[in-house]
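Fold the following, please.
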Amino acid sequence: MSDLVQETLADHPEAPTRRRRLTAVLAVVAVLLAGGGFGAWKLYSADPGLTSPPQRPWPTGGTLRVFVCAGKAEGRFCDGKVATQEQKQAVAQRLRALPGATAIRFEDQATLWANIWKPIIDAPGMPPVQMTEKDVFEAFSVKVAELSADTAATFENVPGVAGVSWRRTGFWVGVTDLRVRLCGYRTAAREGSPCEHRSLASEEEIHAIYERLRAVPGITAIYRENASHARQDLDNQSPPTSSTSGDDPGQQPGSSLHVKLDDPAMADEVKRAVAGMAGVDEVAADVDPF
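Numbers count the residues shown, from 1 in each chain. The predicted structure follows:
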């Protein structure tokens, strides 16, 4: 494989649906890879003087991923065919030609399988899916400053391409380090979540979580995001025209507390501080899923 194809492998890749066998898995991928007006949320901080949210526009750039035929993967233009080296070179060159394109990476089948498909297939509650590493695509990904369905559409009929997905950068990326998801983050709690069989986090629970976070040294700001803003963020990241859009009515976003740290290495300390508290679903990094 040429130097053009042998790029640094990206973390957290995702893949489009295969006919028949990948539909259920992709629905879970869309959810996991999930999630306006600034008046939709409130700011709380260790400094009582900080009372307004950061005034920033919704991100317009993000990651475009182009999947190429590989192995036994099925698709509109694949069905067992493998993209040639020339076709891969052509895809990579087209990606490099996009305005503002940076960080072009190649992801082989082993990377896609290990980083996304196998963890999802092995997740608790996932129905049995007959897949192996040879059943997934390879992919190129690129960061672009302006990303939309029109950008993705230019790759849909390129020889050797199995499919295209895209996702804009999340609102909180680069603003905060951690997201404390509260009970009710999704209308249907994750299997095994401490929020199963209970209602939304109450105001009293949220206040207790906030006070616990304020007591952790090195936290510089804590933002409260309500469900309306979270929905707007998710819609901006993955509009209905994007294959990564998560439209399962049982898996809609909800309220979270977003935490800014002096040192990102303190993440584990924050997780320990709120572990087991009533109203907390989970703590996750405020980063893009891929």
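
which residue ranges form the strands in the stretch 101-250 of the chain?
Listed in chain order, the strands of the stretch 101-250 of the chain (DSSP state E, counting those that start in this stretch) span 102-107, 138-144, 161-168, 178-182, 219-225.

so where does Ala284 fall, helix or strand?
Here Ala284, judged by DSSP states H and E, is contained in strand 280-285.

Measure how that strand sits relative to strand 178-182, angle-wise.
If you take axes from the mean of the first three to the mean of the last three Cα atoms, to 10 degrees, strand 280-285 sits at 160 degrees to strand 178-182.

Could you shift the numbering so residue one becomes 32, and keep it that way?
Sure thing, new numbering starts at 32, so read that last one as strand 311-316.

Contacts for strand 311-316, please.
For strand 311-316, contacts defined as Cβ atoms under 8 Å, 6 or more residues apart in numbering pick out 208-214, 216, 220-221, 224-226, 232, 240, 298, 301-302, 305. Where you see a C-beta, it was placed from the backbone N, CA and C, and this is true even at glycine.

confidence score at Val62?
In this model, Val62 is scored at 40, pLDDT.

now do the one 10 residues further on
Per-residue confidence for Trp72 comes out at a pLDDT of 38.

could the strands of the stretch 132-281 of the chain go into JSON lines alongside distance to Pro150 and mean pLDDT?
Formatted as JSON lines, these follow (distance: least, Cβ to Cβ, whole Å; pLDDT from 0 to 100):
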{"stretch": "strand 133-138", "distance to Pro150": "15", "mean pLDDT": "92"}
{"stretch": "strand 169-175", "distance to Pro150": "17", "mean pLDDT": "94"}
{"stretch": "strand 192-199", "distance to Pro150": "18", "mean pLDDT": "92"}
{"stretch": "strand 209-213", "distance to Pro150": "19", "mean pLDDT": "93"}
{"stretch": "strand 250-256", "distance to Pro150": "26", "mean pLDDT": "90"}
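
could you redo the ones you listed as CSV and give each row mean neighbour count?
Below are the strands of the stretch 132-281 of the chain laid out as CSV (neighbours: other Cβ atoms under 10 Å):
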stretch, mean neighbour count
strand 133-138, 19
strand 169-175, 24
strand 192-199, 25
strand 209-213, 25
strand 250-256, 20
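
Which of the ones you listed sits closest to Val122?
Val122 lies closest, by Cβ to Cβ, to one member of those: strand 169-175, at 5.7 Å.

Report the strands that pair with that closest one, each with its relative direction.
strand 93-99 (antiparallel), strand 133-138 (antiparallel) (DSSP bridges).

Tell me which of those approaches Asn257 most closely.
strand 93-99 (23.4 Å).

Show the low-confidence segments of the protein, by residue range.
32-84, 105-108, 216-222, 271-284, 321 (pLDDT under 70).

how about the helices in it?
54-63, 116-127, 140-143, 149-152, 180-184, 234-245, 258-268, 298-305 (DSSP state H).

would TSV of the ones you listed with mean neighbour count and distance to Glu313 be doable?
Formatted as TSV, those follow (neighbours: other Cβ atoms under 10 Å; distance: least, Cβ to Cβ, whole Å):
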stretch	mean neighbour count	distance to Glu313
helix 54-63	18	12
helix 116-127	17	34
helix 140-143	19	25
helix 149-152	15	15
helix 180-184	14	31
helix 234-245	15	13
helix 258-268	21	14
helix 298-305	15	9
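
Can I get those in TSV including distance to Arg199?
Listed next are the helices of the chain as TSV, based on distance: least, Cβ to Cβ, whole Å:
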stretch	distance to Arg199
helix 54-63	14
helix 116-127	17
helix 140-143	21
helix 149-152	22
helix 180-184	11
helix 234-245	28
helix 258-268	5
helix 298-305	24
